[in-house]
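[1] how would this look folded up:
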Amino acid sequence: MTEELMTVQESVLGEVFGIWFLIGAALVFFMQAGFAMVETGFTRAKNAGNIIMKNLMDFCIGTVMFILIGFSLLLGEDVVGLIGKPGFDIFTSYENFDWSNFVFNLVFCATTATIVSGAMAERTKFLSYCIYSGIISALIYPIEAHWIWGGGWLAQLGFHDFAGSCAIHMVGGISALIGAKILGPRIGKFVKDEDGKVTKVNAFPGHSLTIGALGCFILWFGWYGFNGAAATTGPQLGSIFLTTTVAPAVATVVCMIFTWVKYGKPDVSMCLNASLAGLVGITAGCDVMDCFGAAMVGVVSGLLVVFGVWLLDHVLYIDDPVGAVAVHMMNGIWGTLAVGLFATETVPECSMNGLFYGGGFDLLGLQALGVVTVGAWTAITITITFIIIKSTIGLRASVEEETRGLDITEHGLPSAYADFMPAGSSISIFTGKSTEEEAPVAEAVPVVENRPHIERLPDAKNKYTKVSIVCKQGKFDVLKNALSEIGVTGFTVTNILGCGTQKGAGEMYRGIPVETTLLPKIKVEVVICKVPVETVIEAARKALYSGHIGDGKIFVYDVEDVVRVRTGENGYDALQDSEM
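    Here you go, the predicted structure:
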């Protein structure tokens, strides 16, 4: 009876973890949204649609390639420790097919391909991207993943990469590095002298750190499935969740302190990268490290990501808009090696010790062997792939396409943000009939003339003036009240971005001085005739003055005439309250 109960218990437990395995796969799939948001937010708005499309096609093309050959190369019958035996069991023996393993490994495969997208963003041909993404999913990733997870030669030696610091993130990061190098930087990123030497590095701030932060949180959430899905016991799953939380948190704190000290202010985008760097760093050893080991991984990751971004910008001169190389390649390498340092048998289901826990150099040496061999395989195959694409259909978008943005040139999309479509677009958009019907003239609101008719003044005095006031947003209420007190109650207000001769006080973005920082401002425009211009200017100056740089500017323009649309009144009459 006891044996039967234990058998039932094991069966139920197996079913529970089988369901969790698929839930974890769903969380990893949701990470595609996180990657899309991070990449979109860290780049310019004119390429947002293109980036969303690429992240969508990563998964869709990857699925097709994984069905055709990728899955069998990864988990097919082992052939001399190098590849899985190609086959079509998904079609020929569906009833016996391992459906869960297929879905689980598919979502990991898609992650590898999408990492490359960020480093090559804003200047890659969409067709070329689809091709190399398909090759990564069909050949490059499945073969090296077979070495690690499919019973290949590294697995046979005892190499440990629980969730993919090496197999996924390092591979994606190396591919991103080589791709960005072959592709070249975005136009204007590096300024060179006549000898070709880089003399200046320009910052290209992302158009929405809000979207980027959303992507970071989505990725962190999904990472609990990324790291924890393969857990087989409750205690092991709990330990994995702990290390997956500690490492990125510590990495972010370390990065915040470091950038605060180095640049004078904590760098938002770099801290977002640091969270992801800590997650990448803990991925290989999340199941074999304790809290101390996870914290140490986080400390190094928080510093390594800053160093990586600096190295690419100021030494290698490789343009990586989102920090993919620093996050994934460098921390993928670090996380894989860290297993050989911090693995400990005190963790549930762990039977190995790293160097710092009395295990000697054997495990560390094996981890280094895996990094070198998998890195070499990736570098050779992806370089061949990029060179062939560049030599045939071309890898990079044209200068005109890059300048205008890939949304419009690759996808015919004027803007990914329809309500903020750039003015002057050459594409006509039909918006349908207005919901507000135009009133017939006979039914228009009657105009009651309750004030005496005022003869038009001689031309010398019949002057209409437009006063445009640019000021800080926080000063708007004070300015509005000041204008109201002198009789100016009608005005137009616009939220704008701008800077003066100080160029926005010279902020830093990812360790690079921003040439011009556009600051949020308010523009208030009034057209006056009755109220003297000098009175308006004096009231505005008094309301806005603080004595500090950035109080604002006042611009004065002559206006030829004013016409009220509803009544047809012009000149002085058009500027007065018709209900008086």
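
[2] excluding chain neighbours, give the residue nearest to residue 308 in space.
    Nearest residue to residue 308 in three dimensions, chain neighbours excluded: residue 326, at 2.7 Å (CB to CB, 6 or more residues apart in numbering). The way it works is simple: take the backbone N, C-alpha and C, and place the C-beta from them, glycine included.

[3] again but with residue 177, I slipped
    Using CB to CB, 6+ apart, the nearest residue to residue 177 is residue 325, at 4.7 Å.

[4] re the thing from before, look at the residue nearest to residue 308 and say how many residues are nearby.
    For residue 326, the tally of surrounding residues (other CB atoms under 10 Å) stands at 32.

[5] can you give me the helices in the stretch 51-200 of the chain?
    Secondary structure of the stretch 51-200 of the chain (DSSP state H, counting those that start in this stretch): helices at 71-75, 89-92, 99-119, 126-135, 141-149, 153-157, 171-183.

[6] how much space between residue 493 and residue 167?
    As judged by CB to CB, to the nearest Å, residue 493 and residue 167 stand 55 Å apart.

[7] between the two, who's got more neighbours?
    For the pair residue 493 and residue 167, the greater number of neighbours falls to residue 167 (30 against 12), based on other CB under 10 Å.

[8] mind putting the helices of the stretch 51-200 of the chain into JSON lines with mean neighbour count, distance to residue 534 and mean pLDDT?
    Shown next, in JSON lines, are the helices of the stretch 51-200 of the chain (neighbours: other CB atoms under 10 Å; distance: least, CB to CB, whole Å; pLDDT from 0 to 100):
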{"stretch": "helix 71-75", "mean neighbour count": "24", "distance to residue 534": "78", "mean pLDDT": "95"}
{"stretch": "helix 89-92", "mean neighbour count": "12", "distance to residue 534": "82", "mean pLDDT": "92"}
{"stretch": "helix 99-119", "mean neighbour count": "23", "distance to residue 534": "55", "mean pLDDT": "94"}
{"stretch": "helix 126-135", "mean neighbour count": "20", "distance to residue 534": "58", "mean pLDDT": "96"}
{"stretch": "helix 141-149", "mean neighbour count": "26", "distance to residue 534": "72", "mean pLDDT": "97"}
{"stretch": "helix 153-157", "mean neighbour count": "16", "distance to residue 534": "81", "mean pLDDT": "96"}
{"stretch": "helix 171-183", "mean neighbour count": "26", "distance to residue 534": "58", "mean pLDDT": "97"}
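
[9] which among those is found nearest to residue 535?
    helix 99-119 (55.0 Å; CB to CB).

[10] and the angle for that closest one with helix 171-183?
    Here helix 99-119 points in a direction 30 degrees away from that of helix 171-183 (axes from the mean of the first three to the mean of the last three CA atoms, to 10 degrees).

[11] helix 99-119 vs helix 126-135, what angle?
    Going by the same axes, to 10 degrees, helix 99-119 makes 140 degrees with helix 126-135.

[12] helix 99-119: how far from the chain's middle?
    How far helix 99-119 lies from its chain's middle: 18 Å, per CA atoms, centre = their mean, to the nearest Å.

[13] give me the helices and strands touching it, please.
    Helices and strands touching helix 99-119, by 3 or more CB pairs under 8 Å, 6 or more residues apart in numbering; DSSP states H and E, are helix 2-41, helix 48-65, helix 71-75, helix 126-135, helix 141-149, helix 171-183, helix 324.

[14] do you have the helices of the stretch 451-580 of the chain handy? List them.
    Counting by DSSP H, counting those that start in this stretch, the helices of the stretch 451-580 of the chain are 476-485, 533-544.

[15] in CSV: those, plus mean pLDDT and mean neighbour count.
    Converted to CSV, the helices of the stretch 451-580 of the chain look like this (pLDDT from 0 to 100; neighbours: other CB atoms under 10 Å):
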stretch, mean pLDDT, mean neighbour count
helix 476-485, 89, 16
helix 533-544, 92, 16
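
[16] can you give the distance of the lowest-mean-pLDDT helix or strand in the chain from its chain's centre?
    Within the chain, no helix or strand scores below strand 508-509, which has a mean of 75 by mean pLDDT, DSSP states H and E. Chain-centre distance of strand 508-509: 16 Å, with CA atoms, centre = their mean.
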